[in-house]
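Q: generate coordinates for the sequence data below:
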Amino acid sequence: MRGSVLTAIPVNMLLGLASMLVAYHSGHGEAGAVWFAFSTIVNLARIGLCRATCLGLGLTSETPPAMAAAAMQSADRHLRACIAAASLSGLVWACQPLLCAGYTSAQTLFYLAITCGITAGAVTHGTAYARIPLAFILPPLLSVTICLVAVGDFDRTCLAVCVLLYLLALTHTAFRSEAGFREASRIKNEATALARSRAEAHASVSALADEMRRRATHDDLTGLLNRAGFIQQAESRLPASSISLLLLDLDGFKLVNDVYGHKAGDRVLVEVARRIRAELPESGLAARLGGDEFAVLYDPAASGMPHDRLAAALVAAVAQPLDGFDAGRLGVSIGVHPGPEPSLTEMLSCADAALYAAKAAGRNHYRMFDAGLRERLQIRRDLERDLSTALAEGTPEVWFQPIYSIDATTLVGLEALVRWQHPRLGWIAPPDLVATAATAGLTESLLRYILEQVCAMMQILRGRGLGNVRVAMNVSPQEMAQVPVDEIVIERLRGLDLPAAMLEIEITEETALDIAAVQGKLQALSRAGIRVALDDFGIGYSSLSSLRQLRADRIKIDRSFVTGLSASDDKRGLVLAVLGLGRMLGLEVVAEGVESDEDLRTLQTMGCPFLQGYHLGRPMPGCELEVKVFANHIEAA
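A: Have a look, this model is predicted:
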């Protein structure tokens, strides 16, 4: 509206000037000058009004509601003022008959043409808001009509009627133009809003996609790369020949979680991540692979920092005291692989082997991956690769070591010990075999394999009339935690109709570290009548309360306290203490590692009820056991 008025007023002023000149030429110069002065004053006022500040012009979709209401009121007031100014300008033009004797002078045709032209121009330019051009054209056209009718002749009366028809046509055109303008504006605004919405939606989707990409590759807690992001970026750098990989695993973090809670554990992880970033060379990658395990990948040649110096700096940084925690509670073990390797998977595997060796050496250590670790890694891979086939083919053997009563002649039990002779590596130690099964995902398969051999021996014992002899089966902490041992064992005994009392499950003291995870399984075994023995007692983590929670029926004194017992006062004191504990708690006590006749006699003197060791009988295959032990018709206790 403001734009159309500002466009039309210069034409208005030029036509007004022409009217004044015609009036002067016809002898009405003074009246023409006064009329033009009033017209100019009104036009200048209209220009000033169109240039005045209007809050409504600043209205946007983001304007607060209170300010928007005030802005709309301002726009309404501005429009009403413009209508009043247009009416005033129209009244000035309605006075033109004074310049031509009421449209009876010779200049009548000029003034009629001027009036028709200026009114038509006002409607043509005022398409945005019909009330303003109508307020302007109504006074002059009504003035023309009245003057023509007042003259009274037929021609002028007909002309007056035509002027009224012209007025109606302009009025209709003005409102139709406004309606068209509003519709066009609506479509334009909707298109603009749609384009803005699409742009905002696109920006929102792009921001969401960026955030999703960031979350897909970064750890939410620490802000470091996660495993997926680390692998993605590390693989792009892997062709570098001097690239080095460090794997970090926190020492003591589980204890921090247990003592202070998981929120405190999260704060520790965030702080450790900050310290790793602070020590990380420029352009290096740092990631949290999961839990309390971190990784660092960097180029020692480009950064000028050798991997051993970075590893030492990381160990020192993590070992610094943490606010709110006991000094020295947290540490870190680091496995370093200096590279290169053909793949990132191989580098991670090598660094993991170095990390395992570092943790075995104690907290706050780092270990470089070297030729020795490479050989051990290759052995482990060979074992993992061949174990599944060996179990399928029945290659591993289960040997049995006798357990005797205090008289060293009465057979009371057998301990099942798994043996595997690898075709290239020779005999594999049971701990290595169990660890291999865990990493190869064969823990349950190995457990079931050993259980079958144990059940077969129980059937042989029952057939020989030795149903009172119990067979002990070792179950590792990994097996106890990862496998439903209770369900597997109980179901198999029932399937073979074997008495539960003939089976004993041996667990190590390490199992006591996570009693909550295994207590239910041990209780189920105990309720079924299967006995539980605590192996290697005295060297681990057991307490009096854990003995009860683990449902132990028997404790086995570790061989380190038994071997050389006759020559050591300290060992004799410890063994006597364990024997006293067993009597107090109603637990059977077995002494392992009886290697000499002197140790045997000492244990008998102390009153140790059960004995086991190479001096009494070595582990042997089932067939050899039948020949050397069963054939002697030893009376079972």
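
Q: can we go C-alpha only for contacts and neighbour counts from here?
A: Will do.

Q: how about residues contacting stretch 61-80?
A: Stretch 61-80 is contacted by residues Cys54, Leu55, Gly56, Leu57, Gly58, Leu59 when judged by C-alpha atoms under 8 Å, 6 or more residues apart in numbering.

Q: out of those residues, who's nearest Ala195?
A: Leu59 (18.6 Å; C-alpha to C-alpha).

Q: just the buried ones from the contacts of stretch 61-80, in PyMOL syntax?
A: Restricted to buried positions by 16 or more other C-alpha atoms under 10 Å, the PyMOL selection for the contacts of stretch 61-80 reads:
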select buried, resi 54+55+56+59
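
Q: tabulate the contacts of stretch 61-80 (a markdown table), appending distance to Leu355.
A: Formatted as a markdown table, the contacts of stretch 61-80 follow (distance: C-alpha to C-alpha, whole Å):
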| residue | distance to Leu355 |
| --- | --- |
| Cys54 | 73 |
| Leu55 | 70 |
| Gly56 | 70 |
| Leu57 | 69 |
| Gly58 | 66 |
| Leu59 | 65 |
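
Q: quick check: longest strand of this structure.
A: Longest strand in the chain by number of residues (criterion: DSSP state E): strand 411-422.

Q: how close does the nearest residue to Thr124 once chain neighbours are set aside get to Glu211?
A: Nearest in space to Thr124, with sequence neighbours left out and distances taken as C-alpha to C-alpha, 6 or more residues apart in numbering, is Ala174 at 7.7 Å. To Glu211, Ala174 is 54 Å away according to C-alpha to C-alpha, to the nearest Å.

Q: neighbour count for those two, which is higher?
A: Ala174 (26 against 13; other C-alpha atoms under 10 Å).

Q: checking Leu534 next. Helix, strand or coil?
A: strand (DSSP: H, G, I helix; E, B strand; the rest coil).

Q: give the contact list for it.
A: Glu506, Ile507, Thr508, Glu509, Ala552, Arg554, Ile555, Lys556.

Q: which pLDDT value belongs to the fifth one?
A: At Ala552, the model reports a pLDDT of 82.

Q: got it, and the third one?
A: Thr508 is assigned 79 on the pLDDT scale.

Q: which strands and helices lie in contact with the helix or strand encompassing the residue nearest to Thr124?
A: Element membership of Ala174, judged by DSSP states H and E, is helix 154-217. Using 3 or more C-alpha pairs under 8 Å, 6 or more residues apart in numbering; DSSP states H and E, the elements in contact with helix 154-217 are helix 108-125, helix 131-151, helix 227-237.

Q: ok, Gly465 - how many residues close by?
A: Residues lying near Gly465 (other C-alpha under 10 Å) number 13.

Q: ugh, wrong one, Val256
A: 18.

Q: circling back to that earlier point, of the contacts of Leu534, buried ones?
A: In the contacts of Leu534, the ones that pass as buried (16+ other C-alpha under 10 Å) are Glu506, Ile507, Thr508, Glu509, Ala552, Arg554, Ile555, Lys556.

Q: other residues contacting stretch 366-375?
A: Under the contact criterion C-alpha under 8 Å, 6+ apart, stretch 366-375 has outside partners 311-312, 315, 333-338, 350-351, 353-355, 357-358.

Q: tell me the one of the residues you listed nearest Gly426?
A: Ala353 (21.8 Å).

Q: what's the most buried one of the helices and strands packed on helix 154-217?
A: A comparison of the helices and strands packed on helix 154-217 by mean neighbour count, using mean count of other C-alpha atoms under 10 Å, puts helix 131-151 on top with a mean of 21.

Q: re earlier: after the longest strand of the chain comes which helix or strand?
A: Next along from strand 411-422, by DSSP H and E: strand 426-428.

Q: circling back: show me the contacts of stretch 366-375 that map onto strands.
A: Those of these lying in strands (DSSP E): Ser333, Ile334, Gly335, Val336, His337.

Q: could you export the residues you listed as CSV, including neighbour count, pLDDT and distance to Phe294?
A: CSV is the format used below for those (neighbours: other C-alpha atoms under 10 Å; pLDDT from 0 to 100; distance: C-alpha to C-alpha, whole Å):
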residue, neighbour count, pLDDT, distance to Phe294
Ser333, 29, 93, 10
Ile334, 31, 93, 9
Gly335, 28, 92, 11
Val336, 32, 92, 12
His337, 27, 91, 14
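
Q: check the residues you listed and tell me the two furthest apart.
A: Ser333 and His337 (13.5 Å).

Q: now the helices for the stretch 301-450 of the chain?
A: 307-319, 344-360, 371-393, 430-439, 443-463 (DSSP state H, counting those that start in this stretch).

Q: which helix or strand lies directly C-terminal to the helix or strand of the chain with the lowest mean pLDDT?
A: Least confident helix or strand of the chain, by mean pLDDT, DSSP states H and E, is helix 544-549 with a mean of 64. Using DSSP H and E, the next helix or strand after helix 544-549 towards the C-terminus is strand 554-557.

Q: report the distance from that following strand to the chain centre.
A: 47 Å (C-alpha atoms, centre = their mean, to the nearest Å).

Q: for it, name the packing helices and strands.
A: strand 531-537, helix 569-585, strand 588-591.

Q: hmm, try it at 10 Å
A: The elements that strand 554-557 packs onto, with contact taken as 3 or more C-alpha pairs under 10 Å, 6 or more residues apart in numbering; DSSP states H and E, are strand 503-508, strand 531-537, helix 569-585, strand 588-591, strand 610-611.

Q: residue contacts, the most centrally placed residue in the chain?
A: Centroid check for the chain by C-alpha atoms, centre = their mean gives Asp220 as the closest residue, at 4.8 Å. Residues in contact with Asp220 (C-alpha atoms under 10 Å, 6 or more residues apart in numbering) are Arg214, Asn226.

Q: which neighbours do Ser333 and His337 share?
A: By C-alpha under 10 Å, 6+ apart, Ser333 and His337 have these common neighbours: Leu247, Ala354, Leu355, Arg367.

Q: Trp427: which of those is nearest?
A: For the shared contacts of Ser333 and His337, the nearest to Trp427 is Ala354 (24.3 Å; C-alpha to C-alpha).

Q: dihedrals phi and psi, the residue nearest to the centre of the chain?
A: phi -60, psi -30 (degrees, to the nearest 10).

Q: circling back: quick check: the farthest pair among the contacts of stretch 61-80?
A: The span of the contacts of stretch 61-80, defined through C-alpha to C-alpha, is set by Cys54 and Leu59 at 9.8 Å.
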